[in-house]
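Asker: Give me a 3D structure for the following:
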Amino acid sequence: MTIRLLGRTEIRHLAKSIDFRPRKSFGQNFVHDANTVRRIVSASGINRADHVLEVGPGLGSLTLALLDRGARVTAVEIDPVLARQLPITIADHSHSEANRFKVINQDILTFEQSEMPDPPTAVVANLPYNVAVPALLHLLAEFPSIRTVMVMVQAEVAERLAAEPGGKDYGIPSVKMRFFGNVRRYGMVSPTVFWPIPRVYSGLVRIDRYETSKWPTDPEFRQQVFDLIDIAFAQRRKTSRNAFAEWAGSGNESASRLLAASIDPSRRGETLAIDDFVRLLKRSSDWHVVPKAEPVAEVVADEETHVS
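Answerer: Numbering: from 1, shown residues only. Next comes the predicted model:
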């Protein structure tokens, strides 16, 4: 049986039937275009063998498309009203396919392996602006079983995630995502496919975890690398030599470590790739004592957010 996907009218009627109004605090804008959700699912490359973790399923537009692909789906929804309604919607539209679906009412930022004994192989989601980066970093670190991530995020976030070293959008999210895998853009999405209609475009981004990582992936090493990244981007206008001077103990020692890692000390932090940060750490004899930098704000004012 072909699963019936949700359209614009059905989305509105469904919301009205449960007396639901989208909340801006949760970034709730719901996809109502069948072609868009099919495009997302197709680009994700998932199949019947996959167990998909969907973040913020909302009213179920993307969830139904994932089930239609034959995958098992565990959806994590922070809104209790939507979490209660979602199984009903899935049952009404998919019959026996509902057996491959489970919903958990929880904040994705506190979601842990112990709450999902059957490990996910993929993440497919429409993420709100203010949690997109922390949610992705958390899931990639918490679930090593995740091989593929396909997300729809605000266009600005998509540009940052996929930015290359030295570009104007290159920053902390760009580097840290590449600790886990390759990142690439998959095009834009018009605001008109959402209800309510946001004021900004969205972008699709796919992350494919490295089949074999070139560096250690244990939590301690990862945090040491991330601390170096934070140090570099906390002082964008400084050369790498000066930016890492406190970490190394002096400017001269900083230069020595950078040269040992085949990095020109005059380069700025925003030109360094993930390989450079990893190499710098591994070539430093006392990498266990990297001091933490002050937190760096990597998101700008919240213009519009959305979760399908």
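Asker: The stretch 201-308 of the chain: helices as residue ranges?
Answerer: 219-234, 240-243, 245-248, 251-260, 274-282 (DSSP state H, counting those that start in this stretch).
Asker: Point out the most buried one among those helices.
Answerer: helix 240-243 (a mean of 23; mean count of other C-beta atoms under 10 Å). For every residue, glycine as well, the C-beta is placed using N, CA and C.
Asker: rewinding a little: adding mean pLDDT and distance to residue 104, write the helices of the stretch 201-308 of the chain out as TSV.
Answerer: Output for the helices of the stretch 201-308 of the chain, formatted as TSV (pLDDT from 0 to 100; distance: least, C-beta to C-beta, whole Å):
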stretch	mean pLDDT	distance to residue 104
helix 219-234	96	24
helix 240-243	97	41
helix 245-248	95	40
helix 251-260	96	45
helix 274-282	97	32
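Asker: Using a markdown table, lay out those together with distance to residue 17.
Answerer: Output for the helices of the stretch 201-308 of the chain, formatted as a markdown table (distance: least, C-beta to C-beta, whole Å):
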| stretch | distance to residue 17 |
| --- | --- |
| helix 219-234 | 45 |
| helix 240-243 | 56 |
| helix 245-248 | 57 |
| helix 251-260 | 61 |
| helix 274-282 | 47 |
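Asker: who does the helix or strand hosting residue 140 touch, helix- and strand-wise?
Answerer: Using DSSP states H and E, the element containing residue 140 is helix 132-142. If you count contacts as 3 or more C-beta pairs under 8 Å, 6 or more residues apart in numbering; DSSP states H and E, helix 132-142 packs onto strand 51-55, strand 122-126, strand 148-154, helix 155-162, helix 172-180, strand 202-209.
Asker: what's next to it, contact-wise?
Answerer: 53, 55, 108-109, 111-113, 123, 125, 127, 146, 149, 151, 153-154, 157, 160-161, 173, 176-177, 180-181, 207, 209, 219, 222, 298-299 (C-beta atoms under 8 Å, 6 or more residues apart in numbering).
Asker: now those residues: which count as buried?
Answerer: 53, 55, 108, 111, 123, 125, 127, 146, 149, 151, 153-154, 157, 160-161, 173, 176-177, 180-181, 207, 209, 222, 298-299 (16 or more other C-beta atoms under 10 Å).
Asker: hang on, the earlier thing: which of the helices of the stretch 201-308 of the chain sits closest to residue 74?
Answerer: The closest of these to residue 74 is helix 219-234. By C-beta to C-beta, the value is 23.5 Å.
Asker: give me the low-pLDDT residue ranges for the stretch 151-300 of the chain?
Answerer: Along the stretch 151-300 of the chain, the parts satisfying pLDDT under 70 run over 285-300.
Asker: what residues go with each domain of this protein?
Answerer: Here the domain parsing of the chain from automatic domain parsing is 8-209, 219-289.
Asker: could you dump these to CSV with distance to residue 2?
Answerer: Converted to CSV, those look like this (distance: least, C-beta to C-beta, whole Å):
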stretch, distance to residue 2
domain 8-209, 7
domain 219-289, 42
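Asker: Now do the strands in the stretch 1-150 of the chain.
Answerer: 30-31, 51-55, 72-77, 101-105, 122-126, 148-154 (DSSP state E, counting those that start in this stretch).
Asker: As CSV, these with distance to residue 231 would be great.
Answerer: Listed next are these as CSV, based on distance: least, C-beta to C-beta, whole Å:
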stretch, distance to residue 231
strand 30-31, 39
strand 51-55, 30
strand 72-77, 32
strand 101-105, 36
strand 122-126, 29
strand 148-154, 26
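Asker: Distance-wise, check the residue sitting nearest the centre point of the chain relative to residue 125.
Answerer: Note on the chain: the residue nearest the mean C-alpha position is residue 136, at 3.0 Å, using C-alpha atoms, centre = their mean. As for residue 136, its distance to residue 125 is 9 Å (criterion: C-beta to C-beta, to the nearest Å).
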